[in-house]
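> okay, here's the prediction I keep looking at, along with the sequence it came from:
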Amino acid sequence: MNFSSFGRYMKMLGNLYAGILLAGALGMQGLLAAPPKKQKIDYSFKKLAQGIPVRVLLEESAAKDVAWELNSDEGFVLYAPTSKEKTVLKKTKLLVTHKKGNFYLNGQKIPDAHIFVLPLRGLIRHGTIPYDGVFSLTKSKEVAYLVNHLDLEEYLMSVLPYESMPGWPDEVQKAQCVASRTYAIHKVLEQREQKKNNRVTHPYDIKSTTAHQVYRGYEKTACFKHIVEATRDIVLAYNNKPILAMFDTACGGVIPGKKKGIHFGKAPYLKRSYACNYCNEHPYYRWEAQLSFAELGKSLATLLPDLGQVRDIKIESHDPAGIVQAIKIRGSHGWVTIKPSQLRSVCKNLRSLCFTFSKKGRSVQVSGKGYGYHMGLCQWGAYNLVKKGWNYKKVLQFYYPNTTFMKLKRSE
């Protein structure tokens, strides 16, 4: 294995996407620096050096609590960017721990606070899940991070099975693919901008959970491969920049432009002023839930340890879109006010924050609209628009008004 491209990749990470331009309808093209073609580089690393890498957070914990297991059939290669030291480990299993300020691999101290881990061949498994690309271990302010670095298009292959619906028409899948690609690139550039302005940054671009986009490692199924290839490098842009392409399952007909607390000045493409009622076939277009006061007390005990018994609950206000703005709860010691997101975090049967209450004895009946956050692409709405004959570009411009399509240009 030749490591001569590590320096190039470190520079790429340090100047994240400084060289990426968007190629629009007029054929504007940007380049990422490519390693000399004569160099023989491990294939997994070569894809990163020549492609558009994205850093996906897999684990984040207090350094003292780290206990991560990595597996590789033929061993590992470690690279410390600070000392530029490379080490080949023939062990097929690595147990990562941290104590007294240092990472330990199988009980052996690693002096660097940031280190890359590559497979000698094939893929690395974290637990039982295989991952494409390479890993990094980073500690910052007593917090440890396990991050997967991989090419953007490989990342999308693994995201779509969880963020889209297998079996849906190709045009729906293409819409989701472009939205997910755009969202990921926006997150990458967001970290780049934070670093440029000397703000707090993370050693990752995007989380692997529903907080951002669900990513669960290397995906063997090929049902989405042609979707990724058909839309390769296509992103949605506003003012020549990738947008924050939010999406949810079913918007419930809520008009996002009426929502309060959203900085639409920064994201005018999310301020859609008209309703989408095309998701009305989804079971959560309209939904009901029941919360007993006793269940509420148990659910809120950690969040509000002094609450005691719940005796009453009411919505303090809605915004013009119908989104709850504040909730008041009367406990054993009087009224307290909480954010609706706090209630939803402990009451999983609340599908969105667009709901009303009606009290029935010592319980409350909840009537709600939609499933998600009512912003950007409505997946079920997109499905029904495609059934009407719309293509993916028309669908996306319905949900993200005044946007254009552009292409990321990668190195040859």
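It's in.
> just the helices in the chain please.
In the chain, the helices defined using DSSP state H lie at 6-14, 43-50, 152-163, 170-196, 225-230, 293-299, 340-346, 379-387, 392-399.
> so how many other residues sit close to Pro268?
17 (other CB atoms under 10 Å). Where you see a C-beta, it was placed from the backbone N, CA and C, and this is true even at glycine.
> bridged to Leu408, which residues?
Legend: beta-bridge partners of Leu408 under DSSP bridges are Leu22.
> what about Gln176, distance to Gly361?
43 Å (CB to CB, to the nearest Å).
> in this protein, which helix or strand is least confident?
None of the helices or strands of the chain scores lower by mean pLDDT, DSSP states H and E than strand 22-23, at a mean of 40.
> what's stretch 183-196 in contact with?
16-18, 52, 54-55, 152, 155-156, 159, 200-202, 204-206, 212-213, 235, 241-247, 408 (CB atoms under 8 Å, 6 or more residues apart in numbering).
> now do the strands in the stretch 301-412 of the chain.
312-318, 324-331, 334-338, 355-360, 363-369, 377-378, 404-408 (DSSP state E, counting those that start in this stretch).
> of these, which stretch is the most buried?
strand 377-378 (a mean of 29; mean count of other CB atoms under 10 Å).
> adjacent strands (with direction) for it?
In the sheet, strand 377-378 lines up with strand 247-248 (parallel) (DSSP bridges).
> would you confirm that Lys99 contacts Lys64?
Yes - the pair Lys99 / Lys64 is scored as a contact, 6.9 Å apart, by CB atoms under 8 Å.
> list residues touching both of these two?
Counting by CB under 8 Å, 6+ apart, nothing touches both Lys99 and Lys64.
> mind checking how far Tyr371 is from Glu219?
Tyr371 is 24 Å from Glu219, where distance means CB to CB.
> sorry, slip of the keys, the one I care about is Thr231.
17 Å.
> what does Ile255 give?
Relative to Glu219, and taking CB to CB, Ile255 is found at 35 Å.
> in contact with Leu307, which residues?
Contacts of Leu307 by CB under 8 Å, 6+ apart are 297, 300-301, 329, 331-333, 336.
> let's have those residues in TSV, adding pLDDT.
Formatted as TSV, those follow (pLDDT from 0 to 100):
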residue	pLDDT
Gly297	93
Leu300	94
Ala301	92
Ile329	96
Gly331	93
Ser332	93
His333	91
Val336	95
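> got a markdown table for those residues, with distance to Lys260 too?
Output for the contacts of Leu307, formatted as a markdown table (distance: CB to CB, whole Å):
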| residue | distance to Lys260 |
| --- | --- |
| Gly297 | 29 |
| Leu300 | 24 |
| Ala301 | 30 |
| Ile329 | 21 |
| Gly331 | 27 |
| Ser332 | 32 |
| His333 | 30 |
| Val336 | 22 |
